[in-house]
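# Got a predicted structure here, sequence first:
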Amino acid sequence: MHETQMRVIDELTNGDVPTFAKLITMAERELGAFISAVTELFCSEQARLAAEDWLDELVLMEALPGLTSRDWRSITIASSARLASRVNASSQRSSEVS
């Protein structure tokens, strides 16, 4: 397992339970809103890929986000950039074929 992943897992398992529960709730809320928006704007396949991107971005963080939505939003922004690149590349390939 990657060192950063182990740090995140250690923070989760060694943290106090109320803080851990709040972090999980915030993560679920942010990821859920992101998936809903991507599904509405694109499709369920893009939403699945975007969710994977979101989780990858979480793992890449040096430390867990804090207890504010702004902290979690940085993960969504990075995932949105990946989504935009993927959709843009797909759109360019489609226009080249036409």
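Perfect, I can see it now. Numbers count the residues shown, from 1 in each chain.
# Would you mind measuring from Glu45 to Glu57?
Look at Glu45 and Glu57: by C-beta to C-beta, to the nearest Å, they are 19 Å apart. In this view, the C-beta of every residue, glycine as well, is placed from N, C-alpha and C.
# of those two, who's got more company?
Taking other C-beta atoms under 10 Å, Glu45 and Glu57 do not tie; Glu57 has more neighbours (18 against 10).
# Show the model's pLDDT score for that one.
Residue-level confidence at Glu57 comes out at 94, pLDDT.
# How about the contacts made by it?
By C-beta atoms under 8 Å, 6 or more residues apart in numbering, the contact set of Glu57 is Ile75, Ala78, Ser79, Arg82.
# Can you tell me which of these are buried?
Among the contacts of Glu57, the ones that count as buried by 16 or more other C-beta atoms under 10 Å are Ile75, Ala78, Ser79, Arg82.
# Can you verify my assumption that the first one contacts Ala33?
Looking back up the chat, that one is Ile75. No. Here Ile75 lies out of contact with Ala33, judged by C-beta atoms under 8 Å, at a distance of 11.7 Å.
# Looking at the contacts of Glu57, which one is closest to Ser94?
Comparing the contacts of Glu57 against Ser94 with C-beta to C-beta picks out Arg82 as the nearest, at 18.8 Å.
# So the closest one versus Lys22, what's the distance?
Spatial separation of Arg82 from Lys22 under the definition C-beta to C-beta is 27 Å.
# Gly66 too?
Taken as C-beta to C-beta, the spacing of Gly66 relative to Lys22 amounts to 10 Å.
# So, low pLDDT: which residues of this protein?
Along the chain, the parts satisfying pLDDT under 70 run over 1-17, 97-98.
# In three-state terms, how would Gly66 be classified?
coil (DSSP: H, G, I helix; E, B strand; the rest coil).
# That one: how many residues sit nearby?
13.
# what about it, distance to Met26?
Summarising the geometry, the distance separating Gly66 from Met26, computed by C-beta to C-beta, is 9 Å.
# if I look at Gln46, how far off is Leu60?
According to C-beta to C-beta, Gln46 and Leu60 sit 20 Å apart.
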